[in-house]
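**Q** What shape does this take:
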Amino acid sequence: MRWMGRLSIFAALLLTACFGKKEAAAPSEPPAVEAKVSAPKKQDAAATNKDKDLGKITRYFSQADGIHREAWWVLTSEKKPMQKTPFGKVERALLASENIKLPNKSIFRCDRYVVTRKILNPTGYPQSAEVLEKCSEKQAGKKIADLNIPNVNEVSVTFYPDNLEEILGLGPSILNKRIECTLKANDSEALTSLQCKNWAEDRTKEQMIRLDTYDYAKEGKNLLKLRGKVFENLSDIRKIEADVPMQGKIQVVETELYAPVVKEKPEDKKKKEEGSAVSGVPSKSEGAPDTPAIDPDIQRAQGHGDQVPAAPQVLLPPDQQEPQAQTPAAAASSQGWPLDENGNPITPENLPPEQQQQLMEQQQQQQEMRENPAPIANPNIQPPPQAPGAPHGR
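**A** Sure thing, here's the model as predicted:
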């Protein structure tokens with residue numbers, strides 16, 4: 001009985017211990033903790049929007065780079081490398097300003113840039129930017145482009161050809177006429193329009209293409225419409241037109257502006273010169289082209305200024321002209337020597353001795369007659385009437 005009582009007490013203690021452990025293990029509600037969320041600063045938000053807008057502008061120039069490379073392939077059959085255009089160079093400058101690693105570092109001799117961007121309104125637009133190429137810390141940067149951004153879907157850019165000779169060539173850098181382009185995009189950031197004025201670029205070392213019309217329209221009848229002239233040594237020689245339709249074949253037409261020069265035969269040229277000397281009118285070769293009209297920009301680039309007209313040809317009367325060398329026959333004839341049937345002078349040394357004396361006498365008589373010509377009687381002249389009773393001869 002005593003053992004049973006002890007056992008019941010032990011069992012009660014054990015049950016109490018077990019229930020106590022279960023109560024302690026029961027989950028309890030976590031203590032309330034105040035969450036601290038730091039709101040972004042206004043400056044950080046503005047910087048984020050600024051970078052987002054810059055990314056859009058960069059994509060616009062990337063698309064314009066592709067459009068121009070296709071246009072240049074149509075005009076010249078030359079495929080330019082990616083970003084080897086003024087649009088591509090500005091694209092690389094904008095990427096570098098965002099600390100993005102540039103691909104193909106060997107595409108340009110200098111690939112370091114400084115981009116100065118200004119936001120002119122608290123709403124974000126309009127904006128402006130200046131793009132410089134800066135190869136040395138000791139020298140000032142060269143301006144390659146100015147950007148004007150009126151809204152999120154439009155960018156106007158002005159290129160400076162004198163600092164883009166590596167891309168455009170020597171001819172446009174000499175002309176140094178600014179190239180102005182307008183890029184327009186839709187809400188999907190796809191370019192819908194690209195128009196440029198005064199685009200000039202070398203096709204070869206001697207030839208330059210200058211476009212008066214440079215028009216890309218994504219939804220137009222023609223994707224590309226190009227109109228301009230081909231210059232050779234800064235003189236226009238041909239007209240060039242190119243159309244890239246939405247459907248159909250690409251058309252490129254070059255038309256000569258002036259007729260080609262026709263080479264004359266020497267004998268024809270001599271006859272015309274003799275005829276012009278008699279008539280007093282300068283001769284002009286048949287088929288010779290008219291003098292090409294020099295473009296004012298080309299004229300300024302060559303430093304011509306005002307041209308001085310050539311002095312007109314003056315023809316003097318025969319008695320005032322300088323004496324010309326006479327032929328042997330003319331000289332002998334002027335001295336009184338007779339001429340044979342072939343027009344050669346008959347001189348004493350060419351005759352036998354008995355004829356030499358006769359020829360000398362004949363030549364002397366002719367000389368005396370020239371010096372003392374005999375008076376010529378005029379039958380129309382009558383002597384004056386004599387007075388009646390006057391002696392004859394008085």
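
**Q** From here on, just use CA atoms for contacts and neighbour counts.
**A** Will do.

**Q** Return the set of buried residues in stretch 56-74.
**A** 56-71, 74 (16 or more other C-alpha atoms under 10 Å).

**Q** Now do that stretch: everything it contacts.
**A** 78-80, 82-88, 90-91, 94-95, 155, 183, 185, 189-191, 194, 224, 242, 250, 252 (C-alpha atoms under 8 Å, 6 or more residues apart in numbering).

**Q** Which among the residues you listed count as buried?
**A** 83-88, 90-91, 94-95, 155, 183, 185, 191, 194, 224, 242.

**Q** Could you report the pLDDT at residue 265?
**A** At residue 265, the pLDDT value in this model is 70.

**Q** wait, is residue 183 part of a strand?
**A** Yes - assessed by DSSP: H, G, I helix; E, B strand; the rest coil, residue 183 belongs to a strand.

**Q** Now do the same contact list for it.
**A** 60, 64, 154-156, 191-195 are the contacts of residue 183 under C-alpha under 8 Å, 6+ apart.

**Q** Could you dump those residues into CSV and include pLDDT and distance to residue 364?
**A** Below are those laid out as CSV (pLDDT from 0 to 100; distance: C-alpha to C-alpha, whole Å):
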residue, pLDDT, distance to residue 364
60, 97, 104
64, 97, 98
154, 96, 104
155, 97, 102
156, 98, 98
191, 96, 104
192, 96, 103
193, 96, 99
194, 97, 97
195, 97, 93
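
**Q** now, which of these lie within strands?
**A** 154-156, 191-195 (DSSP state E).

**Q** For these, which two are the farthest from each other?
**A** 156 and 192 (14.0 Å; C-alpha to C-alpha).

**Q** give me phi/psi at residue 114?
**A** Here is the backbone geometry of residue 114 (degrees, to the nearest 10): phi -130, psi 120.

**Q** Not counting sequence-adjacent ones, nearest residue to it?
**A** residue 132 (5.1 Å; C-alpha to C-alpha, 6 or more residues apart in numbering).

**Q** Assign a three-state SS to the one you found, would you?
**A** Classified using three-state DSSP, residue 132 is strand.

**Q** Number of residues surrounding it?
**A** A count of nearby residues for residue 132, using other C-alpha atoms under 10 Å, gives 21.

**Q** give me every residue that touches it.
**A** Here residue 132 is in contact with 113-115, 141-145 (C-alpha under 8 Å, 6+ apart).

**Q** do residue 54 as well
**A** Applying C-alpha under 8 Å, 6+ apart, the residues contacting residue 54 are residue 94.

**Q** Please determine how far it is located from residue 93.
**A** According to C-alpha to C-alpha, to the nearest Å, residue 54 stands 11 Å off from residue 93.

**Q** same deal with residue 253?
**A** Residue 253 is 36 Å from residue 93, by C-alpha to C-alpha.

**Q** Where does the prediction get shaky in the stretch 251-394 of the chain?
**A** 261-264, 275-294, 296, 298-343, 345-352, 370, 373-394 (pLDDT under 70).

**Q** Now with 80, please.
**A** Counting by pLDDT under 80, the stretch 251-394 of the chain shows low-confidence ranges at 259-394.

**Q** hmm, back to that, which one of the contacts of residue 183 is nearest residue 169?
**A** residue 64 (19.5 Å).

**Q** Please, where are all the helices along the stretch 151-300 of the chain?
**A** Under the criterion DSSP state H, counting those that start in this stretch, the stretch 151-300 of the chain contains helices at 165-168, 170-175, 266-279, 296-302.

**Q** Compare residue 253 and residue 93 (neighbour count), which wins?
**A** Set residue 253 next to residue 93 and count neighbours by other C-alpha under 10 Å: residue 93 wins out with 22 against 12.

**Q** tell me which element that one falls in.
**A** helix 86-97 (DSSP states H and E).

**Q** same for that helix, what does it pack against?
**A** helix 42-76, strand 113-119 (3 or more C-alpha pairs under 8 Å, 6 or more residues apart in numbering; DSSP states H and E).

**Q** Residue 344 is nearest to which of these?
**A** Of all the helices and strands packed on helix 86-97, helix 42-76 comes closest under C-alpha to C-alpha, at 67.9 Å.

**Q** Just want the angle from that closest one to strand 113-119.
**A** Between helix 42-76 and strand 113-119, the angle comes out at 120 degrees (axes from the mean of the first three to the mean of the last three C-alpha atoms, to 10 degrees).

**Q** that older thread, quick one: contacts of the helix holding residue 93?
**A** So helix 86-97 is contacted by 54, 58-59, 61-62, 64-65, 82-83, 101-102, 112-115, 131, 145, 159, 164, 167 (C-alpha under 8 Å, 6+ apart).

**Q** Can you give me the end-to-end span of stretch 77-85?
**A** Stretch 77-85 has its terminal residues 16 Å apart, counting by C-alpha to C-alpha.

**Q** I'd like the average pLDDT over that stretch.
**A** Rounded mean pLDDT across stretch 77-85 is 94.

**Q** which other residues reach that stretch?
**A** In contact with stretch 77-85 (C-alpha under 8 Å, 6+ apart) are residues 62, 65-66, 68-70, 72-73, 88-89, 91-92, 107, 167-168.

**Q** at 6 Å instead, please
**A** Contact with stretch 77-85 is made by 69, 73, as judged by C-alpha atoms under 6 Å, 6 or more residues apart in numbering.
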